[in-house]
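1. Fold the following, please.
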Amino acid sequence: MLPAAMPELPVRLDDGRALPMTVRDYDAARPVVAARRLRAVCYAPFLSMDFDASGAVRLCNHSHRAVGHVGRGQSVLEIWRGAVYQHYRRTFAEYVFDADNCRHCVRQCEAGTAQHVFATEQFDRWATDDATPAYPKRLIFRLNSTCNLACVMCDGVTSSRIRKERDGLPPTRSAYDEAFFTEMAEILPHVEHLEFYGGEPFLVAEHQRIFDLLQRLGARCTIYVNTNTTAFHPAARRALETLNFVEIAVSMDAANPAVHGAVRRGLQHDAFLRNVDYLLQLRERRGVRIGLNVTEHRKNWFDLPEVFRFAEPRRLPIHVNTCLHPHNVTLYTLPDEQLRYVLDHLVTWRERLQAEFPDFANLASYDFLLSLLRTELAGRGPSWRPQYTNTNRHCDGLLAAPIAGTSPFAEPMAIVQEARRMVQFLAPEVAARLVEDFLAPITDWSPYEAWWATVPERPVPTLAELRPWCRARGLPLLAGLYLPLQDLGALGFQPFRERLC
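-> Numbers count the residues shown, from 1 in each chain. A predicted model of the protein is given here:
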């Protein structure tokens, strides 16, 4: 139980700063830990070991600093029972986060609630009263970076494809030898829960060895996997059908196939949808929880409402991953006016989604996304400047714009207003051309609607078709509002919208 005075104290950081919530506020969103004798701001050091592709051991998969390293004179259990883990158990029980190592959760806490903080979402359900556990209850495996995709927000440490194609580096050697798997045979019978990340987990050979070991030991620990769904080969499907998978998180960053393929380079959207359907069938057969992990950034923000729309009828809960880097991909290094533009757009879509889905199951997740943006804006002072120390040199860093996905003539004045807002982010000569061509005040939309009625089989008219038609009637050229993505370059949009990565 907590000391009497602690609930009124702020949740703190080890550098002396206080977060904007008391311990009582933080725990108000954590009913499952209310009756525990051992209380902690995060239970990771009492439960969890995270193994990455380099052999580094972390508290969790969002930790920024290793607490040990497999193969450097320490066994797995020596790390688990050692001084660094003991330090974190002590400080977390005092509701003190590590300001550097826990940056992911600190930023989420600064949004004002513990409800969507990774620490509470991931570890509270496994909370323990054992202050000095002999074995971990949860193991997180990212034992190799083998991956078939090259996502814009990822890097060569996490994706072997990026390491090869972007970085021009040879494959990394496995950090896990026979001694590691021998020790796993002792540890796994004590483990209650496993998690697998990548790379792509089902392409990692070391993960397959763990799956085989679980089969041999007859272990029934629950299993979570975060997958891009593109590698459901026979061995992967055999594991999904026979081991105790209880939750499968699908990485999905866009509903638009072109955007999704550009953000997650190498992804075939049609195959992705087929494999999501397979997982939904698995949910019905085996009761496995299926959800979406969604990462918000400069190249997909305008399509995020469509991801929520995709999720709702399929009963897929959404977890918003907070993208903090690369610094030229994250939203949180954008200038104020661009970040406000993103926020305004998403706020507008919140109303539309609520109207479409009165029982909007993912509303809390959507509101959490909005709170991240609002908190970033509110926390900036006059001296704020973005820091670009970790970048993807293959990404242009530009903020993608939402016009291409807007339905023609559905809300004509709203479309014009959206285009007017876009102008402020374009080069001056491009902005002038847009205003001259099609942002003139329009009072009579019937000629455009008449044009639309003449081409019912076409999704949109082409620029070549619409320009002479508008000129012949003395009408402003509206083509730039309605053309598909590949045609926007003709109006000078390419530097702003078309180059997704």
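
2. any idea how far stretch 294-314 is from the chain center?
-> Mean C-alpha position of stretch 294-314 versus that of the full chain (CA atoms, centre = their mean, to the nearest Å) differs by 10 Å.

3. could you give me the average pLDDT of it?
-> Per-residue pLDDT over stretch 294-314 has a mean of 94.

4. same check, this time on stretch 217-229
-> Over the span of stretch 217-229, the pLDDT mean works out to 94.

5. Span of it from start to end?
-> Terminal residues of stretch 217-229 are spaced 27 Å apart (CA to CA, to the nearest Å).

6. Distance of the residue nearest to Met6 when sequence neighbours are not counted relative to Ser75?
-> The shortest distance from Met6 to any residue that is not its chain neighbour, by CB to CB, 6 or more residues apart in numbering, is 5.4 Å, and that residue is Val23. Yep, even glycine has a C-beta here, placed from its N, CA and C like the rest. With distances taken as CB to CB, to the nearest Å, Val23 is found 36 Å from Ser75.

7. Which of those two has more residues huddled nearby?
-> It is Val23, of Val23 and Ser75, that has more neighbours when counted by other CB atoms under 10 Å, with 21 against 15.

8. Compute the distance between the residue nearest to Met6 and Ile290, please.
-> Distance, Val23 to Ile290, by CB to CB: 34 Å.

9. name the helices or strands packed onto the helix or strand that contains Glu337?
-> When secondary structure is defined by DSSP states H and E, Glu337 falls within helix 336-356. Using 3 or more CB pairs under 8 Å, 6 or more residues apart in numbering; DSSP states H and E, the elements in contact with helix 336-356 are helix 304-311, helix 363-378.

10. rerun at 6 Å
-> helix 363-378 (3 or more CB pairs under 6 Å, 6 or more residues apart in numbering; DSSP states H and E).

11. and for the helix it packs on, what are the contacting residues?
-> Around helix 363-378, the neighbours that count as contacts under CB atoms under 6 Å, 6 or more residues apart in numbering are 110-111, 116, 308, 318, 320, 332, 339, 343, 350.

12. who wins for most neighbours among those residues?
-> With neighbours taken as other CB under 10 Å, the top of the contacts of helix 363-378 is Phe308, carrying 26 neighbours.

13. tell me the contacts of it?
-> For Phe308, the residues meeting the contact criterion (CB under 6 Å, 6+ apart) are 353, 362, 366.

14. Kindly report the same for Leu19.
-> Applying CB under 6 Å, 6+ apart to Leu19 gives the contacts 11, 109.

15. hang on, it in a strand?
-> Yes: secondary structure assignment (DSSP: H, G, I helix; E, B strand; the rest coil) places Leu19 inside a strand.

16. Now do it against Pro45, distance only.
-> For Leu19 relative to Pro45 (CB to CB), the value is 19 Å.

17. circling back: sort out which one of the contacts of Phe308 lies nearest Arg37 for me.
-> Checking the contacts of Phe308 against Arg37 by CB to CB gives Asn362 as the nearest, at 34.6 Å.

18. quick one, what contacts the residue nearest to that closest one when sequence neighbours are not counted?
-> Distance criterion CB to CB, 6+ apart; nearest residue to Asn362, sequence neighbours excluded, is Ile318 at 4.7 Å. Contact criterion CB under 6 Å, 6+ apart gives 292, 294, 311, 362, 365 as the residues in contact with Ile318.

19. Of the residues you listed, which is the nearest to Pro386?
-> Proximity to Pro386 was ranked across the contacts of Ile318 by CB to CB; first place goes to Val294, at 23.1 Å.

20. Just want the phi and psi numbers for that closest one.
-> phi -120, psi 130 (degrees, to the nearest 10).

21. before we move on, back to that, so which of the contacts of Phe308 is the most crowded?
-> Sorting those by how many neighbours each has (other CB under 10 Å) puts Asn362 first, at 25 neighbours.
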